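Engineer: Test case, fold it:
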Amino acid sequence: MPVTAIVGANWGDEGKGKMTDVLTADASYVVRFQGGSNAGHTIINDYGKFALHMLPSGVFYPDAVNVIGPGTALDVEMLLKERDELLSRGVPEPKLAVSSRAQIVLPVHRLFDELEEERLGARSFGSTKRGIAPFYADKYAKLGIQVADLYDGKRLIPRLEQLLDAKNVLLEHLYGKQPIRAEELAKPLLEMGEKLRPYVVDTTQMLNEAYRSGASILLEGQLGALRDPDHGIYPFSTSSSTLAGFATVGAGLPAQAITDVVAVVKAYSSCVGAGPFVTELDGAEAEELRRRGGDAGEYGALTGRPRRVGWFDAVATRYGCMVQGATEIALTNLDVLGYLDQIPVCAAYELEDGTVTDQFPVTSMIDGAKPVLQYFEGWKCDISGARTFEELPEAARRYVEYIESAVQVKAKYVSVGPRRDQLISRAL
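Structural biologist: As a prediction, the model looks like this:
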């Protein structure tokens, strides 16, 4: 069975949670390999509607093992809170495995995230204030706290003291706050470790054994290609790699393990957070698309913030599929566009110097870019009941075929609604 990475081709918010939820039906393991609780995957199933921020999207299948890999920014409080919520709503106890090498998002990380966003004011990056940037800064400065450290009090205190040395200087002299003592952080962390203990394993060993045995493994990405710190709209990016190329690293699998990369693509564009967004709409046109989008409007699963919305961006999506190494795409939210007589798409960018390009440029060149639009005939009907590609109206099929041609990847899946069963699967 293949190892499949499910990743976003755009800014995030593409519908990856639904696709992971659907494909988990045939998977033995579902793995979070990067990011933390700073974004959410919305899933609708027989149990109801759920927004997952920390748990992998396979938790609704009792036979799937849900793995927090070593590349993840582990928010223990969010993880345990989400597990409790699932149980309270009748979901069976999920199988959960947390890497002993994963690092912990600490309260001090969330504190610094909030303080820095407040300090930056209008220059802020639109952080969700879940501590992700301070967490990854500490991780790569070799100051992080691993899950394994929660079970060694003699090691934990010196590690926390080292982490707090510079932070306390900033707290006092930059932010005007009181310093933090290592002991203040250690006690709740040790208590948290005991709650987490039943789930802690060597997930790298576990997944490598599963891989060698031929088990089906899904690697679930967070956010999308355009939020990657190396290849996205830096500095309006997240702090970990959002690309399928990082998935084996963050999960702990061999580099050659991935056989399929499913890039999730929305039939229009949306994003939460700051940064250049060439096709962005405003006013009544934006509000109409936002109101109709998703299953209950386009609003952030974590923040509740109205998502910025726009027309499909072929330039950004082709680039996103390229850097993801997409072998196939899953096209979501096609049903949302059924109200339009004509459907605009962005086929190229006109840059500030008048140059027209179909290549995705660096952030400094995107800021003043304008979309070069093409128009497609709308289908003006409800397509949410379609279960085969042939059942779609001709205009809807043409729109899908244009997207396939524009991004140079075939659409294996076409989603026509938020539920599991509202999905067209095509033989490629």
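
Engineer: most residues in a single helix of this structure, which one?
Structural biologist: Of all the segments assigned as helix in the chain under DSSP state H, the longest by residue count is helix 153-173.

Engineer: hmm, who's touching the following helix or strand past that helix?
Structural biologist: Counting by DSSP states H and E, the next helix or strand C-terminal to helix 153-173 is helix 182-196. Residues outside helix 182-196 that contact it (CB atoms under 8 Å, 6 or more residues apart in numbering): 76-77, 79-80, 98, 104, 106-108, 145, 147, 150-151, 153, 156-157, 160-161, 164. Using the backbone N, CA and C atoms, a C-beta is placed for each residue, glycine as well.

Engineer: In the sheet, which strands lie alongside the next helix or strand after helix 182-196, parallel or antiparallel?
Structural biologist: Later in the chain than helix 182-196, the nearest helix or strand by DSSP H and E is strand 200-201. Sheet pairing here is set by DSSP bridges, and for strand 200-201 it gives strand 95-99 (parallel).

Engineer: Need the contact partners of the strand it pairs with.
Structural biologist: Residues contacting strand 95-99 (CB under 8 Å, 6+ apart): 55, 59, 62-70, 72, 74, 79, 83, 147, 196, 199-204, 206, 252.

Engineer: Sort out which of the residues you listed are in helices and list them.
Structural biologist: Among the contacts of strand 95-99, DSSP H puts 79, 83, 196, 203, 204, 206 in helices.

Engineer: which of the residues you listed tops the neighbour count?
Structural biologist: residue 203 (26 neighbours; other CB atoms under 10 Å).

Engineer: From what I see, that residue and residue 67 are in contact.
Structural biologist: Yes: using CB atoms under 8 Å as the test, residue 203 is close enough to residue 67 to be in contact (5.2 Å).

Engineer: Quickly list what's touching both of these two.
Structural biologist: Common neighbours of residue 203 and residue 67 (criterion: CB under 8 Å, 6+ apart): 31, 97, 98, 99, 251.

Engineer: Between these, which sits nearest residue 332?
Structural biologist: residue 31 (21.3 Å; CB to CB).

Engineer: Burial check on that closest one, number of neighbours?
Structural biologist: 29.

Engineer: Excluding residues flanking it in the chain, which one is nearest it?
Structural biologist: Excluding its sequence neighbours, the residue lying closest to residue 31 (CB to CB, 6 or more residues apart in numbering) is residue 67, at 4.3 Å.

Engineer: For that neighbour, give the beta-bridge partners.
Structural biologist: Counting by DSSP bridges, residue 67 is bridged to residue 31, residue 97.

Engineer: per-residue confidence for it?
Structural biologist: pLDDT, residue 67: 98.

Engineer: contacting residues for it?
Structural biologist: Here residue 67 is in contact with 29, 30, 31, 32, 56, 97, 98, 99, 203, 206, 207, 251 (criterion: CB under 8 Å, 6+ apart).

Engineer: one more time with 7 Å, if that's ok
Structural biologist: 29, 30, 31, 32, 56, 97, 203, 207 (CB atoms under 7 Å, 6 or more residues apart in numbering).

Engineer: Narrow the contacts of helix 182-196 to those that are buried.
Structural biologist: With burial judged by 16 or more other CB atoms under 10 Å, the buried subset of the contacts of helix 182-196 is 76-77, 79-80, 98, 104, 106, 108, 145, 147, 150, 156, 160, 164.

Engineer: Closest one of these to residue 396?
Structural biologist: Set against residue 396, the nearest of those by CB to CB is residue 79 (39.5 Å).

Engineer: how close does the residue nearest to the closest one when sequence neighbours are not counted get to residue 8?
Structural biologist: Counting by CB to CB, 6+ apart, residue 79 lies nearest to residue 54, which is 4.4 Å off, once chain neighbours are set aside. The spacing between residue 54 and residue 8, counted by CB to CB, to the nearest Å, is 17 Å.

Engineer: hmm, back to that, quick check: angle from the longest helix of the chain to helix 182-196?
Structural biologist: Relative orientation of helix 153-173 and helix 182-196, computed by axes from the mean of the first three to the mean of the last three CA atoms, to 10 degrees: 130 degrees.
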